[in-house]
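Trainee: Sequence first, predicted coordinates after that:
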Amino acid sequence: MKVGANTVVTLSYDVFREDGEIIESSGLSGPVSFVHGNSKLLRSLDERLTGMENGQEATFEFSPEQAFGKADDGPTKLISRKEFPAGTDLKVGAVFEAGMPGGQKIQLKVLEAKPDAVLVRMIHPLAGQKIAISVKIVGVRLATREERESGVAMARRA
């Protein structure tokens, strides 16, 4: 079966920086499964996986725009000053690292400082960088009706 619409894809992967450093690997977290077109991975990766089959391997390169965008493209958020440690200098242009659910780190860049809140840009750590992803398709199957409707791959019961 080939990767395409209404399929659940399971793949192993390595994500590399332009200099070849591995920055994420399914060797640590295990293979990922997703409904093709709804992977919450890179949209451009979904497109490139189309037509691949079980056991097939490939490496794809992505420009910053295809990967995590440019730093200036990140979403903005208004955050209460109470969320920052006391005494933090929240001047325009200041950059802070923040933890996200799941342990991922992002940068927060101060765009505007108000008396009780700060407008920040949330910047992915790989924003503005070229990356490459090596993949191996380890499974392809038809999505169930529930998976197609929800866009989420469900664990298969034995």
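Mentor: Alright, I've got the coordinates.
Trainee: use CA for all of it now, contacts and neighbours both
Mentor: Noted.
Trainee: show me where pLDDT drops low in this protein?
Mentor: Along the chain, the model assigns pLDDT under 70 to residues 39, 102, 156-158.
Trainee: roughly how far apart are the residue nearest the centre of it and Pro75?
Mentor: Nearest residue to the geometric centre of the chain (Cα atoms, centre = their mean): Leu41, 5.0 Å. Note on Leu41: its distance to Pro75, by Cα to Cα, to the nearest Å, is 17 Å.
Trainee: tally of neighbours for His36?
Mentor: 26 (other Cα atoms under 10 Å).
Trainee: Map the structural domains onto the sequence of the protein.
Mentor: 7-67+129-150, 75-123 (automatic domain parsing).
Trainee: Tell me where the protein has strands.
Mentor: Along the chain, counting by DSSP state E, strands occupy 7-17, 22-25, 32-35, 57-62, 76-80, 95-99, 105-113, 117-123, 131-142.
Trainee: How about the contacts made by Val15?
Mentor: Each residue near Val15 by Cα atoms under 8 Å, 6 or more residues apart in numbering is listed here: Ile22, Ile23, Glu24, Ser25, Ile131, Ala132, Ile133, Ser134.
Trainee: how about those residues, which pair is most distant?
Mentor: Ser25 and Ile131 (13.2 Å; Cα to Cα).
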